[in-house]
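Engineer: sequence? don't have it. structure:
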Ligand SMILES: Nc1ncnc2c1ncn2[C@@H]1O[C@H](COP(=O)(O)OP(=O)(O)OP(=O)(O)O)[C@@H](O)[C@H]1O
Ligand SMILES: [Mg+2]
């Protein structure tokens, strides 16, 4: 019987083509959009994690409260000891120190006069120890525009646009002016070893990167750090795991009222990322719902039209002794067959589109120049395993659902009218 | 039910709701049909022919009285049971032959057997046999739109007869056919009636058809006006 139905579907193009087109378009759009949202939000989260938030971040409670001001006077101290105990308690995580600092960059000319000045967004990370994974994590090597990574203390990388603005070349000396942890003035000369462009407006602006040891020295932060970031060693961000980790850590210090006690914040508690994660899940859900809904309505209508065109066929089948329930069930079976064909076609088209957007991406850097949000400048889709289902199942459901609605008409047929209906 | 009686209509009345009131389409009908009859309902338009065939074919049920078909009381059958009765034992031939356009002649005839879950090999044999009876075995692979009117109606006969039903019901089967084709299909049905013992019940206006019937039941205003037995031989056989 299935064979018989399949023949009907294949031969009667008007029965199959339109629903297949509708389902494939809906499914393809669902797949591409999901892939794109996954990719874009995923990249955004990933970039935030790498550059700013870590998978978790430990700070003092006071620092956390005023984080926007980068209050290094509230920094964590005795960090080595803390790190050791963290490594023991959470062996699946890697811990790294980072100091972010503000200040001024001055470029002196040969005579010691100022050639140019600009506000600095300082970032000190472990540049020298490859095991820390920091250089790789921040993709420094690949983001270098000129020169190379600092090899020793006293060297720095500065933002490429910043360098152009200040007219600084590789090998030139720049001077950092700022305040130490204790609030006294400090300055430090750095030789520019390279210039860099990360491609995210929020970090490229006025960036200067130095090794953590340089920052600790010039800011009087020996064995201290503004932020202690934790990354899962597999470099996979898992919302729930990390949440658990943070609450586990914070429990230990729950009773401590000292504002210098450490507090661990998971990624989602920082930079509104929690909202973004929820929003992305929510939006995916909404999109899929809208597609299923719209597809169902269209398919319901095509089902109704199909029912009209097949009025005679259903009449004959009723007369030949096929029960209404059987006709209905077989109609649904046809819908499943057609829905599967459409869903497979749509998934393939969608995957191809998603793959294309994964490679090419959409450049949004033009919109992000003034943004303080850490966003990748090219948003790319991400092809994941779940894409095989995310469109397929709704496509199938919509087709089945649409036909379940339209097929109800069969139950309204009066067998007593068959002769009259079939005699026109 | 008498011996050999397969259809027994007892005091059947059928009323239809019309507007506020009711319209009585059949008035206290009493009829008996034996296995192997070749009988026709004749009467002016609106006399109740289709209504009566509907009841016998388990497509509708009487308002009053009892219609027994193959021992089953039509008004007591559920929708499913009446579908099963049609599926197994009753074949229908319509005024328009109503073939499914996307399927071949062969598949159209086969469909009646698919509904009975008959295995493929057996199906094949039965379909070709039925097409042989109507003389269209060579057209098995044609689509309905390639057939002439007479050929189409013969395929419809093959579809009705392929499952070897006890009763074939034909509502004005010749209405769209010329004299030659009418003669051809009547001859075919007559042969099937003789060879398989299938009971044929027609409704018709057509004089050409009436000439071939063993029994003519004249209906007028929903009542039997005359039950005319022409060929007693087939009835007493
Ligand atoms: N569902 C219905 N509702 C109301 N009246 C009906 C219904 N079906 C049939 N009738 C009426 O019952 C009467 C008998 O109809 P029926 O179709 O049985 O006549 P018929 O003898 O087959 O006529 P024809 O030769 O035109 O086919 C007609 O007057 C018709 O209008
Ligand atoms: Mg009629």
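Structural biologist: Right, received. Where do you want to start? Here the structure is a predicted model, which means the values were calculated and not measured. Ligands and ions are numbered 1, 2, ... in the order given.
Engineer: List, one by one, the residues from chain B near ligand 1.
Structural biologist: Residues of chain B lying near ligand 1 by Cβ under 6 Å from any ligand atom: B:16, B:18, B:23, B:25, B:43, B:45, B:46, B:47, B:48, B:49, B:50, B:51. Placement of C-beta: from N, CA and C, glycine included.
Engineer: So which of these belong to strands?
Structural biologist: Counting by DSSP state E, the members of the residues of chain B next to ligand 1 that fall within strands are B:16, B:18, B:23, B:25.
Engineer: May I have the secondary structure class of residue B:30?
Structural biologist: strand (DSSP: H, G, I helix; E, B strand; the rest coil).
Engineer: what does the one 10 residues further on give?
Structural biologist: Classification of residue B:40 by three-state DSSP places it in strand.
Engineer: Was I right to think it contacts residue B:207?
Structural biologist: No - no contact is recorded between residue B:40 and residue B:207 when judged using Cβ atoms under 8 Å, the distance being 11.2 Å.
Engineer: List the contacts of the closest residue to residue B:48 other than its chain neighbours.
Structural biologist: Computed as Cβ to Cβ, 6 or more residues apart in numbering or on different chains, the closest residue to residue B:48 that is not its neighbour in sequence is residue B:222, at 4.3 Å. When contacts are counted by Cβ atoms under 8 Å, 6 or more residues apart in numbering or on different chains, residue B:222 touches B:14, B:24, B:25, B:26, B:27, B:29, B:47, B:48, B:51.
Engineer: could the residues you listed be laid out in CSV, adding neighbour count and pLDDT?
Structural biologist: As requested, the contacts of residue B:222 are arranged in CSV below (neighbours: other Cβ atoms under 10 Å in any protein chain shown; pLDDT from 0 to 100):
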residue, neighbour count, pLDDT
B:14, 24, 97
B:24, 17, 96
B:25, 21, 96
B:26, 27, 97
B:27, 17, 96
B:29, 23, 97
B:47, 21, 95
B:48, 25, 95
B:51, 23, 96
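Engineer: Helices of chain B, residue ranges please.
Structural biologist: In chain B, the helices defined using DSSP state H lie at B:49-56, B:79-89, B:105-114, B:120-133, B:149-161, B:179-196, B:207-210, B:232-236.
Engineer: For burial, what's the neighbour tally of residue 130?
Structural biologist: All of this refers to chain A. Here the number of neighbours of residue A:130 (other Cβ atoms under 10 Å in any protein chain shown) works out to 10.
Engineer: if you could check chain B rather than the one you did, that'd help
Structural biologist: 26.
Engineer: Tell me how far it lies from residue A:355.
Structural biologist: Residue B:130 sits 54 Å away from residue A:355 when distances are taken as Cβ to Cβ, to the nearest Å.
Engineer: re the thing from before, columns distance to residue A:143 on top of the helices of chain B, output as TSV?
Structural biologist: Written out in TSV, the entries for the helices of chain B read as follows (distance: least, Cβ to Cβ, whole Å):
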stretch	distance to residue A:143
helix B:49-56	83
helix B:79-89	73
helix B:105-114	67
helix B:120-133	68
helix B:149-161	76
helix B:179-196	86
helix B:207-210	93
helix B:232-236	100
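Engineer: for the ones you listed, which one sits closest to chain A?
Structural biologist: helix B:79-89 (2.7 Å; Cβ to the nearest Cβ).
Engineer: Could you name the helices and strands sitting against the closest one?
Structural biologist: Under the contact criterion of 3 or more Cβ pairs under 8 Å, 6 or more residues apart in numbering or on different chains; DSSP states H and E, the helices and strands touching helix B:79-89 comprise helix A:324-359.
Engineer: by contact count, what packs against the helix or strand where residue A:24 lies?
Structural biologist: Here residue A:24 is covered by helix A:13-48, with elements defined by DSSP states H and E. Packed against helix A:13-48, as judged by 3+ Cβ pairs under 8 Å, 6+ apart, are the following elements: helix A:2-11, helix A:273-309, helix A:324-359, strand A:378-379, helix A:387-390, helix A:392-407.
Engineer: Strand partners (parallel or antiparallel) of the next helix or strand after that helix?
Structural biologist: Once the chain leaves helix A:13-48, the next helix or strand it forms, by DSSP H and E, is strand A:56-60. Strand A:56-60 sits in its sheet next to strand A:227-232 (antiparallel), strand A:262-266 (antiparallel), going by DSSP bridges.
Engineer: Which two of the residues of chain B next to ligand 1 have the greatest separation?
Structural biologist: Based on Cβ to Cβ, the longest span within the residues of chain B next to ligand 1 runs between B:18 and B:43 and measures 19.9 Å.
Engineer: And the two? Which one has more around it.
Structural biologist: Using other Cβ under 10 Å, the more surrounded residue of residue B:18 and residue B:43 is residue B:43, with 24 against 10.
Engineer: how far away is that one from residue B:172?
Structural biologist: In terms of Cβ to Cβ, residue B:43 sits 12 Å off from residue B:172.
Engineer: and the residue in the stretch 201-350 of chain A that ligand 1 sits nearest to, what element?
Structural biologist: Taking Cβ to the nearest ligand atom as the measure, the point where the stretch 201-350 of chain A comes nearest ligand 1 is residue A:315, at 15.2 Å. When secondary structure is defined by DSSP H and E, residue A:315 falls within helix A:311-319.
Engineer: Stretch A:244-261: which residues count as buried?
Structural biologist: Of all the residues in stretch A:244-261, those buried under the rule 16 or more other Cβ atoms under 10 Å in any protein chain shown are A:245, A:246, A:249, A:250, A:261.
Engineer: what sits up against it?
Structural biologist: When contacts are taken as Cβ under 8 Å, 6+ apart, the neighbours of stretch A:244-261 outside the stretch itself are A:56, A:58, A:60-62, A:74, A:76-77, A:89-90, A:93, A:230, A:262-266, A:269.
Engineer: roughly how far out does that stretch sit from the chain middle?
Structural biologist: Here stretch A:244-261 shows a centroid-to-chain-centroid distance of 29 Å under the convention Cα atoms, centre = their mean, to the nearest Å.
Engineer: what's the spacing between the residue of the stretch 201-350 of chain A found nearest chain B and residue B:89?
Structural biologist: Minimum separation of the stretch 201-350 of chain A from chain B (Cβ to the nearest Cβ) falls at residue A:321, amounting to 2.7 Å. Separation of residue A:321 from residue B:89 (Cβ to Cβ): 9 Å.
Engineer: Same check on residue A:353?
Structural biologist: From residue A:353 over to residue B:89 the distance is 56 Å, taken as Cβ to Cβ.
Engineer: Residue A:400 now?
Structural biologist: In this view, residue A:400 and residue B:89 are 34 Å apart by Cβ to Cβ.
Engineer: What is the burial count for residue A:285?
Structural biologist: In terms of burial, residue A:285 registers 10 neighbours under the definition other Cβ under 10 Å.
Engineer: Actually, residue B:68.
Structural biologist: 18.
Engineer: do residue B:65 as well
Structural biologist: Applying other Cβ under 10 Å, I find that residue B:65 has 17 neighbouring residues.
Engineer: likewise residue A:3?
Structural biologist: As a burial measure, residue A:3 scores 9 neighbours (other Cβ under 10 Å).
Engineer: do residue A:418 as well
Structural biologist: Look at residue A:418: counted by other Cβ under 10 Å, it has 24 neighbours.
Engineer: residue ranges of the helices in the stretch 101-250 of chain A, please?
Structural biologist: Taking DSSP state H, counting those that start in this stretch as the test, the helices found in the stretch 101-250 of chain A are A:134-137, A:140-143, A:160-166, A:201-204, A:212-218, A:239-252.
Engineer: May I see the ones you listed organised as CSV, with distance to ligand 1 added?
Structural biologist: Below are the helices of the stretch 101-250 of chain A laid out as CSV (distance: least, Cβ to the nearest ligand atom, whole Å):
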stretch, distance to ligand 1
helix A:134-137, 80
helix A:140-143, 80
helix A:160-166, 84
helix A:201-204, 75
helix A:212-218, 91
helix A:239-252, 64
